[in-house]
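> Next come a sequence and a model predicted from it.
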Amino acid sequence: MNEVYPSPAVRREVIKLTVEEIFKYTKRPGRKNLEVVAHNIVNKYPKSFEDNIDGVRIGNGIESLTNQLVYKVENETRKERKWLKEFKLAKVNPEDETCKKWLQNEFITSSCMQNRSKVKEYMDRTFNERQDDISKKTLVSILHSKWPFMFEEEFIYSDYEKIVNLSDCKTKLIEVLNERSIRIFKILKHLNQSKPIHIQRIVFKSIKDECELLENQLPKKMRFLEVLADYFSENIDHVYKTFPVHKSLEEIVEIIPNTPFMIIMGNSTATADKFVVCIERLTVAKFSNFWEAFSYMFVCFYVLNMQYPHHAAATYEFVQRFCAELNFSKTKLKTKASPKVLTLVKAMKRYDSVL
């Protein structure tokens with residue numbers, strides 16, 4: 001096995017069997033222990049579990065294998081909680097149940113927009129039931145099957161607006177991201193001058209080279225999130241990542257995080273025209289525009305009551321406060337503000353009038 005890179009199906013089976021064996025001893029192994037398990041597996045079969053794209057090694061595979069083990073443990077324990085709760089079923093409004101069944105049938109059988117107004121009405125009426133399912137940590141794959149219209153762009157934003165108590169969020173967020181991206185890039189470049197020169201060069205030289213290659217400023221606009229993550233010493237690979245266009249989605253989803261994630265099919269963020277949003281490794285939406293895809297992915301954290309990934313938390317929180325403008329005096333959200341994000345927001349306002 002050491003010289004053979006397993007197929008996605010075989011890799012999933014290895015993960016499944018490993019977790020089953022772990023569960024014989026504990027249901028709560030913790031990430032540190034799972035990392036030890038992953039380390040032992042990779043040490044024994046380095047060639048089989050290394051991260052590679054088209055035969056090019058991009059990592060030893062320990063982190064991606066650890067993440068898969070963590071996701072599998074979380075999913076299995078979540079399923080267990082779901083089965084336990086079935087013995088204590090909450091009362092369901094008969095009318096809501098009728099709406100839900102109609103929506104499921106409509107999604108399967110309808111091929112036109114003639115019942116769209118009714119879909120909107122029923123989706124609005126069943127909002128609380130969907131939120132109840134989400135509060136029970138229902139798997140996204142089950143939500144997708146139970147509420148097939150839920151992940152359509154229109155209804156994701158509709159649910160998001162109810163949660164944050166704002167309106168016209170899609171248009172406003174995409175416009176702000178487009179309008180402020182270059183400005184944020186310039187300010188971050190100025191602020192990053194306090195960092196060691198070798199750190200500055202890595203991301204900014206890459207963007208400068210791409211601007212010269214394309215003969216436009218688009219990379220500065222499209223890659224400001226990369227600069228933002230670099231400023232916070234975070235990893236943009238926990239938000240999105242580019243992959244060769246010939247790479248299959250089945251292969252890609254095996255090595256991406258479980259949290260909302262954007263797969264970019266192409267050579268770079270600035271030139272790609274295919275963006276895939278996955279949640280718990282399930283493809284939920286596809287876009288041809290980067291900001292539309294990112295905006296959709298961002299609101300999914302709120303609709304699905306998910307935490308930002310640890311390695312990109314400040315990056316997302318900055319977007320939340322400075323771009324989505326979710327401050328807690330205007331919304332129903334209750335979250336402690338990150339000091340380093342607030343410091344950057346204040347710096348943005350201070351430098352904004354200068355640059």
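Structure received. Numbering: from 1, shown residues only.

> count of residues packed around Lys101?
When neighbours are defined as other Cβ atoms under 10 Å, Lys101 has 11 of them. From N, CA and C alone the C-beta is placed, and that goes for glycine too.

> Find me the pLDDT at it, would you?
Looking at Lys101, its pLDDT stands at 75.

> To which secondary structure element is it assigned?
Assigned by DSSP states H and E, Lys101 falls within helix 94-109.

> From the contact counts, what lies against the helix or strand following that helix?
Counting by DSSP H and E, the element after helix 94-109 in chain order, helix or strand, is helix 116-125. Secondary-structure packing of helix 116-125 (3 or more Cβ pairs under 8 Å, 6 or more residues apart in numbering; DSSP states H and E): helix 94-109, helix 153-164.

> Need the CA coordinates for helix 116-125. CSV is fine.
What follows is helix 116-125, C-alpha atoms only, in CSV (Å, rounded to 0.1, in the frame of the first residue of the first chain):
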residue,chain,number,x,y,z
ARG,A,116,-42.0,30.1,-7.3
SER,A,117,-44.2,32.4,-5.2
LYS,A,118,-45.6,29.4,-3.4
VAL,A,119,-42.0,28.1,-2.8
LYS,A,120,-41.1,31.5,-1.3
GLU,A,121,-44.2,31.4,0.9
TYR,A,122,-43.6,27.9,2.2
MET,A,123,-39.9,28.5,2.8
ASP,A,124,-40.7,31.6,4.8
ARG,A,125,-43.3,29.6,6.9
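
> That one to helix 153-164, inter-axis angle?
Orientation check (axes from the mean of the first three to the mean of the last three Cα atoms, to 10 degrees): helix 116-125 against helix 153-164 gives 30 degrees.

> The helices and strands packed on helix 116-125: lowest mean pLDDT?
helix 94-109 (a mean of 68).

> Would you mind splitting the chain into its domains for me?
Under the assignment automatic domain parsing, the domains of the chain span 8-88, 94-150, 169-240+285-352.

> Would you mind measuring the gap between the ends of stretch 270-289?
Using Cα to Cα, to the nearest Å, the end-to-end distance of stretch 270-289 comes to 10 Å.

> Check which residues of it are buried.
Within stretch 270-289, the residues that qualify as buried are Ala270, Ala272, Phe275, Val276, Val277, Cys278, Ile279, Glu280, Arg281, Val284, Ala285, Phe287, counting by 16 or more other Cβ atoms under 10 Å.

> Nearest to the spatial middle of the protein, which residue is it?
Centroid-nearest residue in the chain, with Cα atoms, centre = their mean: Pro260, separated by 1.9 Å.

> buried sites along stretch 226-243?
226-232, 234-243.

> swap that for stretch 307-323, sorry
Buried, per 16+ other Cβ under 10 Å, within stretch 307-323: 308-309, 311-323.

> do stretch 139-159 as well
In terms of neighbour count (16+ other Cβ under 10 Å), stretch 139-159 has its buried residues at 139-140, 143-144, 147, 149-151, 155-159.

> now, among the residues you listed, which is nearest to Leu173?
Taking Cβ to Cβ as the measure, Leu173 lies nearest Tyr157 of the buried residues of stretch 139-159, at 9.1 Å.

> how close does the closest residue in space to that closest one that isn't next to it in sequence get to Met265?
Nearest non-adjacent residue to Tyr157, counting by Cβ to Cβ, 6 or more residues apart in numbering: Lys170, 4.7 Å away. Going from Lys170 to Met265 by Cβ to Cβ, to the nearest Å gives 23 Å.

> circling back to that earlier point, sort out for me which of the buried residues of stretch 307-323 are in strands.
The members of the buried residues of stretch 307-323 all map outside strands under DSSP state E.

> Can you tell me which of those residues end up in helices?
Counted as lying in helices by DSSP state H, out of those, are Ala313, Ala314, Thr315, Tyr316, Glu317, Phe318.
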